[in-house]
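Asker: Build me a structure from this.
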Amino acid sequence: MADVPRRRVLLAAASGIAALAGCSGSETASNSYPVRNERRIEDYELEKTRDEDGGALVTGDEATPSLSATERARQRRHAYRVLVSEDDLAALTFAETSASERLRSFCAGTDFDAESVYLLSMPVGACRDVRLTSVSVEPDDLADGDLHPHADFCRAYRPADVECDPEATHTVGFAIRIPVAADHSNGSGRGMASSCRRGEPPAVFNASASSGTGGDEA
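Answerer: This is a model prediction of the structure:
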């Protein structure tokens, strides 16, 4: 069980940090600005995965009996969870795929006495990519033990030499390890830019395909 006084010290310290230097993730944060009272986090770690079958990467115990099987499958591609304890992680079910296992293993390697994880998954067109551009937290809430992370993303075309079906949908997952501890989380935020750079031109991804542009998220 976490030592509460130690966690409080960590929370208080984190709430006063304007920026943490040095991003150790495989994606770098750029071209995005925190809003309201958010503080940019630079020293995060990132695990990013892609399921080319377009299945759900992670689910909780939520039930949606009123939805059809197709609607449930589409909904479950979306996941937004903030993990502040091992109990939060244990409450999730990860698919039996290599992409999901990478996310689970990364989350399991978190020291929840000093760190938290913002876990997200979302659908993406097979010829498109989603990139993480920035991570921030709200220090006023964090000082009270409530972690509200915010992640910004952008969409991009995949390299022209990547074979893909413009009509297919993949699922991408992000596990963002944030170097702050929290007692709980009552919310999170995310943003998505339509392009990772202005004027990004369409590209031909599959010479055998009749269409030269990638499909958008389902």
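Asker: okay, CA-based contacts and neighbour counts for the rest of this
Answerer: Noted.
Asker: just the strands in the chain please.
Answerer: Along the chain, counting by DSSP state E, strands occupy 39-41, 45-51, 58-59, 79-83, 93-94, 116-125, 128-137, 149-157, 169-178, 189-193.
Asker: I'd like these as CSV, with mean pLDDT appended.
Answerer: Shown next, in CSV, are the strands of the chain (pLDDT from 0 to 100):
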stretch, mean pLDDT
strand 39-41, 90
strand 45-51, 96
strand 58-59, 88
strand 79-83, 92
strand 93-94, 91
strand 116-125, 95
strand 128-137, 95
strand 149-157, 95
strand 169-178, 96
strand 189-193, 92
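Asker: could I get those strands as CSV with mean neighbour count and distance to T110?
Answerer: As requested, those are exported to CSV (neighbours: other Cα atoms under 10 Å; distance: least, Cα to Cα, whole Å):
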stretch, mean neighbour count, distance to T110
strand 39-41, 25, 17
strand 45-51, 21, 10
strand 58-59, 21, 17
strand 79-83, 21, 10
strand 93-94, 16, 16
strand 116-125, 25, 7
strand 128-137, 23, 17
strand 149-157, 22, 16
strand 169-178, 24, 7
strand 189-193, 14, 21
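Asker: can you tell me which of the ones you listed comes nearest to S100?
Answerer: Nearest to S100 among the strands of the chain is strand 93-94; the distance by Cα to Cα comes to 5.8 Å.
Asker: strands paired with that closest one, and their directions?
Answerer: Using DSSP bridges, the strands paired with strand 93-94 are strand 58-59 (antiparallel).
Asker: Tell me which residues are up against the partner strand.
Answerer: 76-77, 79, 92-95, 100, 121 (Cα atoms under 8 Å, 6 or more residues apart in numbering).
Asker: Those residues into JSON lines, with extra columns for distance to C196?
Answerer: JSON lines is the format used below for the contacts of strand 58-59 (distance: Cα to Cα, whole Å):
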{"residue": "R76", "distance to C196": "25"}
{"residue": "R77", "distance to C196": "22"}
{"residue": "A79", "distance to C196": "22"}
{"residue": "L92", "distance to C196": "31"}
{"residue": "T93", "distance to C196": "31"}
{"residue": "F94", "distance to C196": "29"}
{"residue": "A95", "distance to C196": "29"}
{"residue": "S100", "distance to C196": "25"}
{"residue": "S121", "distance to C196": "18"}
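Asker: which residues of the protein score low on pLDDT?
Answerer: Applying pLDDT under 70 to the chain flags the ranges 1-36, 61-76, 198-218.
Asker: And the helices in it?
Answerer: Under the criterion DSSP state H, the chain contains helices at 4-15, 69-76, 86-90, 98-108, 139-142.
Asker: Pull out the buried residues from the third one.
Answerer: Using 16 or more other Cα atoms under 10 Å as the test for burial, helix 86-90 gives 86, 89.
Asker: Just the C-alphas of that helix, formatted as CSV.
Answerer: What follows is helix 86-90, C-alpha atoms only, in CSV (Å, rounded to 0.1, in the frame of the first residue of the first chain):
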residue,chain,number,x,y,z
GLU,A,86,-2.3,-1.1,-9.3
ASP,A,87,-6.0,-1.6,-8.6
ASP,A,88,-6.8,0.7,-11.5
LEU,A,89,-4.6,-1.5,-13.7
ALA,A,90,-6.1,-4.8,-12.4
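Asker: Many thanks, have a good one.
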